[in-house]
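Peer 1: Here is my input, please return the structure:
(one chain, ligands or ions: 1)
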Amino acid sequence: MTNTTIKSMVQPKAEHHNQPKTIYLKDYQPPHYWVDSVDLIFDLFEDYTEVRSTLCVRRNTGIAQEQTPFILQGEELELRALVLNGKTLDLENFDLTAEALIIHTVPETFTLEITCITHPEKNTALSGLYRSKALFCTQCEAEGFRRITFFPDRPDVMAKFTTTIIADTNLYPVLLSNGNPIEQGLLINNRHWVKWEDPFKKPCYLFALVAGHLIALEDHFVTRSGRLIALKIFVEWENQDKCAHAMTALKKAMKWDEETYGREYDLDIYMIVAVNDFNMGAMENKGLNIFNAKYILARPETATDTDFQHIDLVVGHEYFHNWSGNRVTCRDWFQLSLKEGLTVFREHHFMDDITQSAVSLIEHAMGLRSHQFAEDAGPMAHPVRPESYVEINNFYTSTVYEKGAEVIKMLKTLLGTDTFRKGMDLYFERFDGQAVTIEDFVACHEFVSKRDLTQFKLWYSQAGTPEIEVNEEYHPKTQTYTLQLKQSCPPTPHQPKKNPMLIPIAVGLLNAQGEDLLENKTQILNLTETEQSFNFPSITEKPMLSLLRGFSAPVKIKSPLSNEQLAFLLAHDSDDFNRWDAGQMLSIRIILELIEDWQKSKPLKINNLWWKAHQSLLEDKRLNTALKAEILMLPSSPYVIEFLDSADPDAIFAVKKFLRKEISRRAKKHLLQLYQDNHNTERYCYSTETAAKRFLKNLCLSYLMEYPDKNHMALCLKQWKTANNMTDSLAVLGILADVDCPEREKILEEFYNRWQHDVLIINKWFRVQASSALPNTLECVQKLMQHPAFDINNPNTVYALIGTFSHNLVCFHEKSGKGYRFLADIILQLDTINPQVAARMMTAFTHWRKFDKDRQAKMRSELERIQKTAKLSTDVYEIVNKCLFGTSPQT
Ligand SMILES: [Zn+2]
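Peer 2: Reported below is the predicted structural model:
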């Protein structure tokens, strides 16, 4: 490296974000300069890291002129040297701002060498290069690479990367980056180095680096074309016996993607690293996935069935990104759903294939209705492809991910499985190695199906959840059944009026015996108009309507069915999803009626029809275990809130408690029987079937414990003492957390003593206590924040303790507002440590207008307190302003 006149130029501090900029999709312009390759050298030390980069740059001649400056993003970096084509640049050749390095004039092609200093050891935001205990690791999506070195940090600049990592041999024996390792060696002062080469062009958000004292679980996979791939999962030494499930999941995912989408892996090595401090779930960096440890580590005694399932899904998800995201990536961050919606869709498809039941569909629908519908109805509502953002980190949302996945599911329904697969093949083939848009994706499906999908694309540009009104008529004379559907979509920020969408509606018609009347049982209707009628000829009796089978679209249905008809579908529908859904709708109606009674201080009475319907399901021996468990669960509270204009959490809690107690009292015998039938003392093994049995069994136990008498308590304690797996232990802990009894403290203490050395398990212990409905929960959470296991710098513990509390229906929304004050204080504290985590904690406030006047006022005053605070991060700034004003001031 040539010597330089720049001793060290620290970037000026960013003006605090009182007026952050809004970025618009309509302003997109292709990059002025391409970076064809980048060679990186990292010299890692305990108190700083030096990063040297050599960029081969080429002007985008169609767009940029000779005088167009070369702009590289950078944040919190110290510039040490800047050399262009071997010549050191003087201060008059460039500008250094808080956010960028601007080089005034550059030739058409050139080599740029940059040396800079960064401080991973002080990086608590966990974006860019940072420390997680004794490890160095990175997180670059969306805009973390600019915190590592100066670079045109945008996904459409794709370069070939080589990376050399230099570090202390003893402290960091393992040095990893993307691609394949090509060289290594020793240096003086007990340092060593490894050089990695990634043969595929990639945007810098997919860059990764890991250095540390790690051990790898190794295995291999042979692709269908016969290539041998080395598989390595790196963890800290004490966790080496907890990776087997993740490895099996990885191989399952690799095989499934070959068989289902014809996608083969492309490098010689696939690596996963589990780290403790991580903002998100996991990251799909090319060839080197970095995972939040909770999505890798599992042993029967330490992980629940849900953990095992999440590992399958998250490992699958990140692996599937190798094609949907890495080989074909996004042109700009507005296209985020191009990779995320598509990959969540592929993950759901994978889960459907593993579980082979409607339960996977039910879980997706429940997730969407509990979170995404609320997002669509609130101040943060945005289309699957947003038009603008202040902070892109705020758009890793349920809308972009889950609704984005549902949009692709609809596309598959509309085109049919074979045509959809052809469209996917064409997409991967046509755009391999490119950064593209959602239009490009849809164009491939238009090409193979020869259909005009213009109207369908409204799903990407219109926010809000469409609502469908249904009217039906039967004409016995002509034996014709007519279905009238009317669609509308409520206004959302910046979108007062919506156009009618193309909505695939899956319909079944049943006779009085519950038999399907339509050919192939289910028919797909293409709803395209605001109002549209569909005729069904040759229907010999007045049929029962089963609408939106298999959750064929992410919409709300205003059902014309009576409670009796819903009970009939719950008992008879051949579509399992709709059986469950009819039960949910029926329960929602009963809950809403009871809430009214409760608010008028009327005594609560059980609805006989509702009870009879549930009783017969409890007693139904033929009903699939997993489906039975799903049906016996009451609708989630966030979903109930969807149906209320002025939600009173105390009323919702009281009514659900009343129904649970009634089930417990009336069905005691059957609940006990089901408990015994599904209790298993054999060696634990995770499978969809055994997990369903444990789920149903523990649900029955929780119902029984609505009356914590001597017998039920004994049953609980017996399960506690004999449990050979975390699912069963944690179930007892969760049940007792809600019961004010001496056993509660004893078991919480036993659990802690047994698992105090395992942070992931202690997070479960935090979660259980933070979700308790007992009145002293807030004080308990505040006390736990002083516990040595709680670390405000670690996102997992924050999500477990504070995040869980913020979703605690009764205690967070406690009338005095002290829960709100507590959360606002924490958010302000977190914002100075890790803005992404602070912004995530804001979610509990975003739906403040859904609650009663008194609670609204209290939440509002906390939001105003946050909003008036100086030096907010862009993350929290954007959300708090949208919450209060429906928009960020500049838009
Ligand atoms: Zn993803």
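Peer 1: Who are the contact partners of Leu336?
Peer 2: Residues in contact with Leu336 (Cβ atoms under 8 Å, 6 or more residues apart in numbering) are Ala142, Cys330, Arg385, Ile392, Phe395, Tyr396, Val400. Where C-beta positions appear, they are placed from N, C-alpha and C, glycine not excepted.
Peer 1: where does Pro203 land on pLDDT?
Peer 2: At Pro203, the pLDDT value in this model is 98.
Peer 1: about what we covered before: now for the contacts of Leu336: which two are most distant?
Peer 2: For the contacts of Leu336, the maximum inter-member distance is 15.0 Å, found between Ala142 and Arg385 (Cβ to Cβ).
Peer 1: Quick check: phi and psi at the closest residue to the ion within the stretch 501-650 of the chain.
Peer 2: Using Cβ to the ion, the closest approach of the stretch 501-650 of the chain to the ion is made by Pro554 at 18.8 Å. Main-chain torsions, Pro554, degrees, to the nearest 10: phi -80, psi 70.
Peer 1: Nearest residue to it in space, ignoring adjacent ones along the chain?
Peer 2: Glu406 (4.2 Å; Cβ to Cβ, 6 or more residues apart in numbering).
Peer 1: And the helix or strand containing that neighbour, what does it pack against?
Peer 2: Using DSSP states H and E, Glu406 sits in helix 404-415. Under the contact criterion of 3 or more Cβ pairs under 8 Å, 6 or more residues apart in numbering; DSSP states H and E, helix 404-415 touches helix 336-355, helix 417-430, helix 438-449, helix 458-461, strand 503-510, strand 523-527.
Peer 1: what about Pro835, neighbour count?
Peer 2: Neighbours of Pro835 under the rule other Cβ atoms under 10 Å: 24.
Peer 1: Surely it and Tyr877 touch.
Peer 2: No: counting by Cβ atoms under 8 Å, Pro835 sits too far from Tyr877 to count as a contact (9.2 Å).
Peer 1: Asn285: what secondary structure?
Peer 2: The three-state label given to Asn285 by DSSP: H, G, I helix; E, B strand; the rest coil is coil.
Peer 1: Which pLDDT does the model give it?
Peer 2: Note on Asn285: pLDDT of 98.
Peer 1: Low-confidence regions, this protein specifically.
Peer 2: Residue ranges of the chain with pLDDT under 70: 1-5, 15-18, 887-891.
Peer 1: and it, which of its residues are near the ion?
Peer 2: Counting by Cβ under 5 Å from the ion, the chain comes close to the ion at Glu340, Thr343.
Peer 1: How about the backbone phi and psi for the residue located most distally from the centre of the chain?
Peer 2: Computed with Cα atoms, centre = their mean, the maximum C-alpha offset from the centroid of the chain is found at Lys477, amounting to 52.0 Å. Per-residue torsions, Lys477: phi -60, psi -50 (degrees, to the nearest 10).
Peer 1: Could you do Ile296 as well?
Peer 2: phi -120, psi -50.
Peer 1: ok, and the closest non-adjacent residue to it?
Peer 2: Ile296's closest residue in space is Ala274 (Cβ to Cβ, 6+ apart), at 4.0 Å.
Peer 1: Mind checking what secondary structure the one you found has?
Peer 2: From three-state DSSP, the assignment for Ala274 is strand.
Peer 1: That one and Gln240 touch, don't they?
Peer 2: No: the pair Ala274 and Gln240 does not pass the contact test of Cβ under 8 Å, sitting 10.7 Å apart.
Peer 1: More neighbours: which of the two?
Peer 2: Under the neighbour definition other Cβ under 10 Å, Ala274 and Gln240 were set side by side, and Ala274 has more, 26 against 16.
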